[in-house]
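1. Whatever this is, show me its structure:
(2 chains)
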Amino acid sequence: MKRALQIYSFLAMIVIYVPVALMVLNSFNENPYMDRFSGPSLRWFETLLGDEEAKVGYVNSFTVAVVSSILSVLLAFAAASSLSGRRVSLIDALAYPPIVIPEIAEAVALFMFFQVLGAELGWLTVVIGHTAFNVAFAYLTLRTTGTRFEALENAARTLGASRLQVFKDIVLPLALPSIVVAMAITFLLSFTNFMKTLFTTGPGFYTLPLLIWNRARRPGVEEFSYPNALNALFTPLVLITLSIAVTYTLYVLTRQKRE
Amino acid sequence: MEVELVNIWKKYNKVDALRGVNLVIPRGQITAVLGPSGCGKTTLLKIIAGLVQPDEGRVLFDGVDYTNVPTEKRGVGMVFQDLALFPHMTVYDNVAFGLRVKKVREEEVRSRVKTVLELIGLDPSLYANRRIDELSGGEQQRVALARSLVVEPKVLLLDEPMAHLDYKIKQRLLGEIRRLQKILGITMIYVTHDQTEAMSMADEVVVMSRGVVLQHGPQREVYEKPLSLDVASFFGDVNVLEATFAGIKGEGVVAIRPEDIEVNPSEELDVVYEGTVEDLVFQGPLIRLDVRVNGNSLKVLVGRKEFGRMGIGVGSRIRVGWRLEDLKGAKGVG
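-> Now for the predicted structure:
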């Protein structure tokens, strides 16, 4: 039974990682199509270096993800702190739907919301749209690990620490691991988001996933829209997400070891 | 510092935790607050520390009203039930915390932390850089004490800090807390539900039940002259007896402590009964006899040597007796 499970896990890993590995590998393929490997080349990365559109896509995705993760973690931290101690609150109940509702419904809801407001669609609406849902993920992450340490806060206050000192010396260092996790999760959700970005962006503002989709629709029309050029565009994205995931795992492992 | 509580009331979710507590806790002594779980004793400590605001009433330190002074400005130290040591700091940083938030110079911090660790029996060179989770329960207890003592509080509150310790370590630490208290002359308020803890360290005892103070006085006085049966049974052990009172109409209950009952008394006592030994329980220095008298079971404590001379066992017929003046709780009979 154990053996069977091991084989099963191994197969699952292959299914998950082989396509990704093929994409990374093909980004170094001289041939523009993925049908055969004609030799190693940095051709597509050279194209990428001169590709202003791709740079803009990367920068936009990155700024949206950074701003949205900071905003959502700040909001979620405030909510989690103020609601500590109570059991399941209304906010808890409201935090789950964004995770289970189909993303297309969220995206359309956001789109209509901005329409009603008459808002000009662009980077601000994208950031707001991402944050509105990231808050839920950040809140649940912070809520489970905790942002209040009542006994420790009380102890610090009897030792003469002001509320600010308690926050700086006790709450923040102890909540830091969960803050880091919440930031990583919301950053990744935002950085790779496609559907919500598509519905909330306006003319002239695009993120990396939107750019990839746009080019994938018309392969080979230009140098940068060949499949393997797209793979090269995609490779740094994989490296960024993978390195965040690996860093996080190592961080958790070393903490477990210490405990 | 003298701590005075004036008519303190506190409700949690419409349930009264404290109902009009008036108490003067003398300076420079250890006062044990004793009572069953849920009697309001921890709430009382938190009100003194300023961690909980009373609904009504005032908290006075040496006659000055501190009711609305925030915790961090009260100068009240507290050792918590779960110790609440900072898990992300070393022993040194835990102890230094209270000095650093007051911006004490780092050299002075170093010397004061060193002094207090030595005082508490932890070698600074061995323990200063240890992590909290590397310490035993007893060592953590010492760090918690050191951390609260280093800031020289005017009064130290201890909230059942020994609850999770082995008997032996507990006894040793209780002795050491008492020794420290005598050296430092600090006022201590020690909350516990364990009467042996209260007996082994307190100068004064406050017995609480359901949010009110039942009795407050020197330890021996509370033990020997309890004002009610509740006090007699919270602080010490008693046999509760049904009694008919000569002179006054009616029946009621009185209590006698197991050690006040004499076995096969040689002299004339006020009350003597015949009974049968049902069971013997060895409690180390003392032996408890369960004696059946007129359908009631009486607990009787005798010394081990005395017991040896009696030559009795389970099933023996014996006489038990006591003096009327040793009966407790006659005043509290309702």
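
2. hey, where'd the helices end up in the chain?
-> By default, I'm working from chain A. Ranges of helices within chain A are A:2-26, A:43-49, A:52-82, A:90-95, A:97-100, A:103-117, A:123-145, A:150-158, A:163-166, A:172-191, A:195-200, A:208-216, A:227-258, based on DSSP state H.

3. The intended chain is chain B.
-> With DSSP H as the criterion, chain B has helices spanning B:41-49, B:91-100, B:106-120, B:124-127, B:137-149, B:167-184, B:195-201, B:219-224, B:229-234, B:304-310.

4. Same list (those helices) but as JSON lines, adding mean neighbour count, mean pLDDT and distance to chain A.
-> All C-beta atoms are positioned from the backbone trio N, CA, C, and that covers glycine. What follows is the helices of chain B, written out as JSON lines (neighbours: other Cβ atoms under 10 Å in any protein chain shown; pLDDT from 0 to 100; distance: least, Cβ to the nearest Cβ, whole Å):
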{"stretch": "helix B:41-49", "mean neighbour count": "23", "mean pLDDT": "93", "distance to chain A": "6"}
{"stretch": "helix B:91-100", "mean neighbour count": "23", "mean pLDDT": "95", "distance to chain A": "3"}
{"stretch": "helix B:106-120", "mean neighbour count": "16", "mean pLDDT": "92", "distance to chain A": "13"}
{"stretch": "helix B:124-127", "mean neighbour count": "14", "mean pLDDT": "91", "distance to chain A": "19"}
{"stretch": "helix B:137-149", "mean neighbour count": "22", "mean pLDDT": "92", "distance to chain A": "7"}
{"stretch": "helix B:167-184", "mean neighbour count": "16", "mean pLDDT": "87", "distance to chain A": "17"}
{"stretch": "helix B:195-201", "mean neighbour count": "20", "mean pLDDT": "84", "distance to chain A": "21"}
{"stretch": "helix B:219-224", "mean neighbour count": "17", "mean pLDDT": "89", "distance to chain A": "27"}
{"stretch": "helix B:229-234", "mean neighbour count": "22", "mean pLDDT": "86", "distance to chain A": "27"}
{"stretch": "helix B:304-310", "mean neighbour count": "12", "mean pLDDT": "88", "distance to chain A": "44"}
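
5. Make CSV out of the ones you listed and add distance to B:V24.
-> Below are these laid out as CSV (distance: least, Cβ to Cβ, whole Å):
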stretch, distance to B:V24
helix B:41-49, 12
helix B:91-100, 27
helix B:106-120, 29
helix B:124-127, 38
helix B:137-149, 23
helix B:167-184, 19
helix B:195-201, 18
helix B:219-224, 15
helix B:229-234, 18
helix B:304-310, 41
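
6. among the helices of chain A, which is nearest B:V263?
-> helix A:150-158 (49.5 Å; Cβ to Cβ).

7. can you tell me if the closest one touches chain B.
-> Yes: residues of helix A:150-158 contacting chain B under Cβ under 8 Å from any Cβ of the partner chain: A:A151, A:L152, A:N154, A:A155, A:A156, A:R157, A:T158.

8. which other helices and strands contact that helix?
-> Judged by 3 or more Cβ pairs under 8 Å, 6 or more residues apart in numbering or on different chains; DSSP states H and E, helix A:150-158 is in contact with helix A:163-166, strand B:76-79.

9. Just name the most buried of these.
-> strand B:76-79 (a mean of 26; mean count of other Cβ atoms under 10 Å in any protein chain shown).

10. Tell me which strands it pairs with, and in which orientation.
-> Take DSSP bridges as the rule and strand B:76-79 pairs in its sheet with strand B:155-159 (parallel).

11. Please list the outside residues in contact with the strand it pairs with.
-> B:1, B:3, B:42, B:45, B:48-49, B:61, B:75-81, B:148-149, B:177, B:186-191 (Cβ atoms under 8 Å, 6 or more residues apart in numbering or on different chains).

12. coming back round to it: now for the helices of chain B, which one comes closest to B:M208?
-> helix B:41-49 (5.4 Å).

13. Could I get the helices and strands packed on helix A:150-158 in TSV, plus columns for distance to B:D260?
-> Formatted as TSV, these follow (distance: least, Cβ to Cβ, whole Å):
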stretch	distance to B:D260
helix A:163-166	52
strand B:76-79	36
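
14. among the ones you listed, which is nearest A:V20?
-> The nearest among these, by Cβ to Cβ, is helix A:163-166 at 45.2 Å.

15. how far out from the middle of the chain is the closest one?
-> Offset of helix A:163-166 from its chain centre (Cα atoms, centre = their mean, to the nearest Å): 32 Å.

16. Just the CA trace of it, in PDB.
-> Extracted in PDB, the C-alpha atoms of helix A:163-166 (Å, rounded to 0.1, in the frame of the first residue of the first chain):
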ATOM      1  CA  ARG A 163       1.000  49.600  23.800                       C
ATOM      2  CA  LEU A 164       3.300  50.700  21.000                       C
ATOM      3  CA  GLN A 165       6.300  48.900  22.500                       C
ATOM      4  CA  VAL A 166       4.200  45.800  23.000                       C
END
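
17. wait, does that helix contact chain B?
-> Yes: judged by Cβ under 8 Å from any Cβ, helix A:163-166 comes into contact with chain B through A:Q165.

18. ok, the closest residue to A:A138 other than its chain neighbours - contacts?
-> Spatial nearest neighbour of A:A138, excluding adjacent residues (Cβ to Cβ, 6 or more residues apart in numbering or on different chains): A:A76 at 3.6 Å. By Cβ under 8 Å, 6+ apart, the contact set of A:A76 is A:V135, A:A138, A:Y139, A:T141, A:L142, A:A182.

19. Quick check: residues of the stretch 51-200 of chain A near chain B?
-> A:151-152, A:154-162, A:165, A:169-170, A:173-174.

20. buried subset of the residues you listed?
-> A:152, A:154-161, A:165, A:169-170, A:174 (16 or more other Cβ atoms under 10 Å in any protein chain shown).

21. just the strands in the stretch 201-334 of chain B please.
-> B:204-209, B:212-218, B:239-244, B:251-256, B:262-263, B:271-283, B:286-293, B:296-303, B:317-322 (DSSP state E, counting those that start in this stretch).
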